[in-house]
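S.K.: starting from these lines, generate the structure:
(one chain, ligands or ions: 1)
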Amino acid sequence: MSSLFVNHININAITNNEFTYDRVKNISDWILNRVDLRPKIAIVCGSGLGGLGERVQDARIFPYEEIPDFPRSTVVGHKGNLIVGKLNEIPVICMQGRFHSYEGYSNALCTLPMKVFKLMGVQTVLLTCAAGGLNQSFKVGDIMLIKDHVAPLLWTLQNPLIGHNDERFGPRFPACNNIYKKNLRDIFRSIAEEKQIELQEGNYAYLGGPNYETVTELKALIQMGGDAVGASTANEALVASYCGMNVLAIALITNKAVIEYDSQDFPCHEEVIQIANQKACVLQELVTELVKFLDF
Ligand SMILES: O=P(O)(O)O[C@H]1O[C@H](CO)[C@@H](O)[C@H]1O
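M.R.: So this is what the prediction gives:
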């Protein structure tokens, strides 16, 4: 667990130095020693989207507190279970709840599960999240396929790749112009088309939270090319991609960003969870179908 000294910065608190290969391997082995399946697909459930975990058959459920060196989920709508089982007959590992930096975790710790997945042999990571709609043509309840991200927080010492680089995870200078794989987006789009589910596509803007954004911040994020905003996913996508895994990410638009000054509309987490719960089954249907195409 990271520690922070206020007067002289303990570099381990903001870098990946604490999560050595051996320590990550220890977590990965702990899980593998307790299950027979060897999933090649990992799924991360965002706020209010954990219902996907309930679709997993023959499930072994590990509450996060039982897993050595694993953080705890502290956010409403994030159950805190790691589930290994079969979705649509395909072996998967599913995180029912993720970690956010506003919970007090370094971004290295928030993204630790991606490194664990890598050492378990996972090849494809499916990230889901709740997000605020920046793109004015989006409606509440829309599903947005993430094409790219803009992540000002990752331009700072919050970047989870800062610190000693162990090449067994990935390269010192990873390319990031192709994180969200086009072939996976194409498959997802064709599944949605077949099911006649409308899909948006756009860029995810990542901020640290926990506060929702000011009007001026939202306008800046729109100028930067953001179509949806949230406090997760981009950090995980960065580390998963760095580790050589394929990434597909999907945002559920739970609220429209309020970009008028002096508006009396406010985003709130209760509404985020409520909309996510209402729309979760559509997302679940798409992901359940998708995994059949990813088990190569
Ligand atoms: O990104 P997920 O985990 O879905 O959660 C989203 O919902 C919370 C805000 O309501 C924030 O944590 C935001 O990132």
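S.K.: look up how far the ligand lies from residue 30.
M.R.: Going from residue 30 to the ligand by Cβ to the nearest ligand atom, to the nearest Å gives 24 Å. In short, each C-beta sits where N, CA and C put it, glycine included.
S.K.: what residues are up against that residue?
M.R.: 67, 68 (Cβ atoms under 8 Å, 6 or more residues apart in numbering).
S.K.: and the next helix or strand past the helix or strand hosting it?
M.R.: Taking DSSP states H and E as the definition, one finds residue 30 inside helix 21-32. Downstream of helix 21-32, the next assigned helix or strand under DSSP H and E is strand 41-45.
S.K.: name the residues that touch that following strand?
M.R.: Residues outside strand 41-45 that contact it (Cβ under 8 Å, 6+ apart) are 51-53, 78, 87, 90-98, 113, 117, 122-128, 236, 245, 287, 291, 294-295.
S.K.: how far is the helix holding residue 30 from where the chain is centred?
M.R.: 20 Å (Cα atoms, centre = their mean, to the nearest Å).
S.K.: how about it: buried residues?
M.R.: Within helix 21-32, the residues scored as buried using 16 or more other Cβ atoms under 10 Å are 24, 25, 27, 28, 30, 31, 32.
S.K.: stretch 187-204 too?
M.R.: So, applying 16+ other Cβ under 10 Å, buried residues of stretch 187-204: 187, 188, 191, 192, 199, 200, 202, 203, 204.
S.K.: could I get those as JSON lines with secondary structure and pLDDT?
M.R.: Below are the buried residues of stretch 187-204 laid out as JSON lines (DSSP: H, G, I helix; E, B strand; the rest coil; pLDDT from 0 to 100):
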{"residue": "187", "secondary structure": "helix", "pLDDT": "97"}
{"residue": "188", "secondary structure": "helix", "pLDDT": "97"}
{"residue": "191", "secondary structure": "helix", "pLDDT": "97"}
{"residue": "192", "secondary structure": "helix", "pLDDT": "97"}
{"residue": "199", "secondary structure": "coil", "pLDDT": "97"}
{"residue": "200", "secondary structure": "strand", "pLDDT": "98"}
{"residue": "202", "secondary structure": "strand", "pLDDT": "98"}
{"residue": "203", "secondary structure": "strand", "pLDDT": "98"}
{"residue": "204", "secondary structure": "strand", "pLDDT": "98"}
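S.K.: which of those sit farthest apart?
M.R.: In the buried residues of stretch 187-204, two members sit farther apart than any others by Cβ to Cβ. They are 191 and 203, at 21.5 Å.
S.K.: picking that back up, closest to the ligand among the buried residues of stretch 187-204?
M.R.: residue 204 (9.4 Å; Cβ to the nearest ligand atom).
S.K.: so that closest one bridges to which residues?
M.R.: In this entry, residue 204 is beta-bridged to residue 149, residue 228, by DSSP bridges.
S.K.: pull the number of nearby residues for the residue of the chain found nearest the ligand.
M.R.: Relative to the ligand, the nearest point of the chain is residue 46 (2.7 Å; Cβ to the nearest ligand atom). Residue 46 has 29 neighbouring residues, counting by other Cβ atoms under 10 Å.
S.K.: what mean pLDDT does stretch 140-160 get?
M.R.: In this model, stretch 140-160 has a mean pLDDT of 95.
S.K.: and the ligand, which of the buried residues of stretch 187-204 contact it?
M.R.: Checked against the ligand using Cβ under 6 Å from any ligand atom, these give no members in range.
S.K.: so which bits of this structure are right by the ligand?
M.R.: 46-47, 98, 100, 129-130, 209, 230-233, 269, 272.
S.K.: farthest pair within those residues?
M.R.: That would be 233 and 269, which, of the residues of the chain next to the ligand, are the farthest apart (Cβ to Cβ) at 16.5 Å.
S.K.: higher neighbour count, those two?
M.R.: The neighbour comparison of residue 233 against residue 269 (other Cβ under 10 Å) goes to residue 233, with 26 against 17.
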